[in-house]
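In: Just to be clear, the model below is a prediction. Sequence and coordinates:
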Amino acid sequence: MDTMRRTKIVATLGPATDDPQVVAGMVRAGLDVARINFSHGTRESQIRRVELVRQAAREAGRYIGLLADLAGPKIRIESFREGKVQLLEGAPFTLDTALDPEAGNLTEVGVAYKNLTADVRPGDTLLLADGQIVIEVEKVLGTRISGVVRSGGELSNRKGVNRQGGGISAPAVTEKDLDDVRLAAEIGIDYLAVSFARDADDIRRAQSELRKWRGDARVVAKIERHEALDNLAGILAVTDAVMVARGDLGVEMGYAELTGLQKTIIRQSLASNRVVITATQMMESMIQNPIPTRAEVSDVANAVLDGTDAVMLSAESAAGKFPVKAVQAMADVIRGAEKYQLGSPRALGRADEEFGNTEEAIAMAVIYTANHMRVRAIVALTESGMTPLWMSRIRSDIPVYAFTRHEATRRRVTLYRGVYAVPFDIVTTDTETLYRSIFDRLLELGLVDVNDLVILTKGELSGVSGGTNSMQILRVTNR
């Protein structure tokens, strides 16, 4: 159990990780949550990847969370006759929703999203291939969007299309996504990410579909649309977690604002007691190279210092040459950054706010106390994992151990900053016997020493979710 690293690592599975030894290596290197990208692969390949992760986790004696990422309404061009074209600045170029999908050429290409013409006006700027190709719209007529290339370059098949400033009306949850939600529920995914979420209703739709198939995954809102930023408060009110999806967000909002937006989203997410993942191109060069660039190291470290719960690898692990080294490099950078965490760990934050319930009040009291005493560990006896989540929202260098009998909760807390899962079942109502069993477990795992102080949170009624209502400061004793 790597309690020297508080920020968690999410890594995407793909063709590069289909070898069981590679997945096992990623787990040993520090993988906390495995991402299944529903934009790629078949149902069978996704199920196999889930099984590989679970097998590797069992063999390593660890808990690994699973995050399934819905494809969402990615707006893409269709294909070119020759596979790609070279667009020149100043040249005319047209997007046509009625063009043969395979008939693209130097002057026009088809578009898979048939309603694009309703969302675009003359004077708009369209960004293709992650913003590398820029087209200024001059005319929209029938199925055709005609414009001028303002920034040219190579454009190949099936590249994405964004409207600068947002405004694409495609629904966040597509028909394909509905099928994938059902699959996610059936295979017991822990987190479900909603791509291109616009508002709270998009999140509620995904939550409703999950409940329909009896899934208990927590929902992650991917913040990558202009509209999502406008509706961030509403999204945070209903979602369980957010992902700063910097690829499309950077394209829609402009890269100059991206760092500030990242910090704002992380700060507001933590203030709302929501988990936050920072993603996209964090160690992109490691698709081809065995070590990250200095800029990538700074990027990951910056997210860690911002207080993100997790940082994520995408193509670096899914399709790169060095998936295990990418996880190891990320773990090393996190540990290095956390040595230099800015600000005082004693800062409580939210000191002037009212707490919403008893659990939250207990959690904040625990962290305040722990940051002002020589406490070695915090132990939370938990059913749902909510008390450890609230504890993890406030900066502290003291590890929080989620003692729980529920495997789903143990996998869920793998995404919480500074929280570590410990299997534990309460089998006694005698207080002294309970304390003794907790001390034995901590000592057995090497997490504390005799005479260390620990803080324990628990509820009066064992097995009741949401029942945490007390904290004790205890000194670890031997038998």
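Out: Noted; the coordinates are in hand. Residues are numbered from 1 along each chain as shown.
In: By mean pLDDT, point me to the weakest helix or strand of this structure.
Out: Least confident helix or strand of the chain, by mean pLDDT, DSSP states H and E, is helix 358-370 with a mean of 88.
In: Counting by contacts, list what that one packs against.
Out: Under the contact criterion of 3 or more CB pairs under 8 Å, 6 or more residues apart in numbering; DSSP states H and E, helix 358-370 touches strand 375-381, helix 386-392, strand 453-459, strand 468-475. C-beta coordinates here come from the backbone N, C-alpha and C atoms, glycine included.
In: Pick the most buried one from these.
Out: With neighbours taken as mean count of other CB atoms under 10 Å, these reach their highest mean count in helix 386-392, at a mean of 26.
In: other SSEs contacting that one?
Out: Packing partners of helix 386-392 (3+ CB pairs under 8 Å, 6+ apart): helix 358-370, strand 375-381, strand 400-404, strand 419-423.
In: Looking at those, which is nearest to Lys212?
Out: Closest approach to Lys212 among the helices and strands packed on helix 386-392 (CB to CB): strand 400-404, 26.6 Å.
In: Look up how far Ala331 lies from Arg62.
Out: To Ala331, Arg62 is 14 Å away according to CB to CB, to the nearest Å.
In: dump the residue contacts of Tyr435.
Out: Contact analysis of Tyr435 by CB atoms under 8 Å, 6 or more residues apart in numbering lists Leu456, Leu474.
In: what does Asp177 give?
Out: By CB under 8 Å, 6+ apart, the neighbours of Asp177 are Phe38, Leu70, Ala71, Gly72, Ala206.
In: What strand or helix carries it?
Out: Secondary structure from DSSP states H and E places Asp177 in helix 175-186.
In: What average pLDDT does stretch 445-464 get?
Out: For stretch 445-464, the mean per-residue pLDDT is 85.
In: what's next to it, contact-wise?
Out: Outside stretch 445-464, the residues that reach it (CB under 8 Å, 6+ apart) are 1, 3, 362-363, 366, 369-370, 373-381, 383, 387, 399, 401, 422, 426, 429, 435, 438-439, 442-443, 467-478.
In: Go ahead and name everything in contact with stretch 289-306.
Out: Outside stretch 289-306, the residues within contact range by CB under 8 Å, 6+ apart are 7, 259, 262-263, 266-267, 278, 282-286, 311, 321-322, 325, 329-330, 333-334, 336-338, 340-342.
In: actually stretch 420-428, not the one I typed
Out: Outside of stretch 420-428, the residues within contact range by CB under 8 Å, 6+ apart are 1, 3, 63, 381, 399-405, 407, 409-411, 413-414, 434, 437-438, 441, 445, 462-463.
In: Tell me which residues touch the closest residue to Pro101 other than its chain neighbours, please.
Out: Counting by CB to CB, 6 or more residues apart in numbering, Pro101 lies nearest to Glu78, which is 4.0 Å off, once chain neighbours are set aside. With contacts defined as CB under 8 Å, 6+ apart, the neighbours of Glu78 are Leu99, Pro101, Glu102, Gly104, Val109, Gly110, Val111, Ala112, Asn157, Arg158.
In: my read: Asp216 touches Glu407, true?
Out: No. Taking contacts as CB atoms under 8 Å, Asp216 lies outside contact range of Glu407: 11.6 Å.
In: Which neighbours do the two have in common?
Out: Shared contacts of Asp216 and Glu407, defined by CB under 8 Å, 6+ apart, are absent.
In: give me the number of residues near Arg436?
Out: Neighbour count for Arg436, taken as other CB atoms under 10 Å: 15.
In: Could you do Thr259 as well?
Out: Other residues within reach of Thr259, judged by other CB under 10 Å, total 15.
In: Confirm it sits in a helix?
Out: Yes. According to DSSP: H, G, I helix; E, B strand; the rest coil, Thr259 belongs to a helix.
In: show me what contacts it?
Out: By CB under 8 Å, 6+ apart, the contact set of Thr259 is Asn302.
In: how far away is the residue nearest to the spatial centre of the chain from Gly72?
Out: The residue lying closest to the centre of the chain (CA atoms, centre = their mean) is Ile277, at 3.7 Å. Distance check for Ile277 against Gly72: by CB to CB, it reads 16 Å.
In: Model confidence score at the residue nearest to Asp199 when sequence neighbours are not counted, please.
Out: With sequence-adjacent residues excluded and distances taken as CB to CB, 6+ apart, Asp199 is closest to Asn231, at 4.2 Å. Asn231 carries a pLDDT value of 97.
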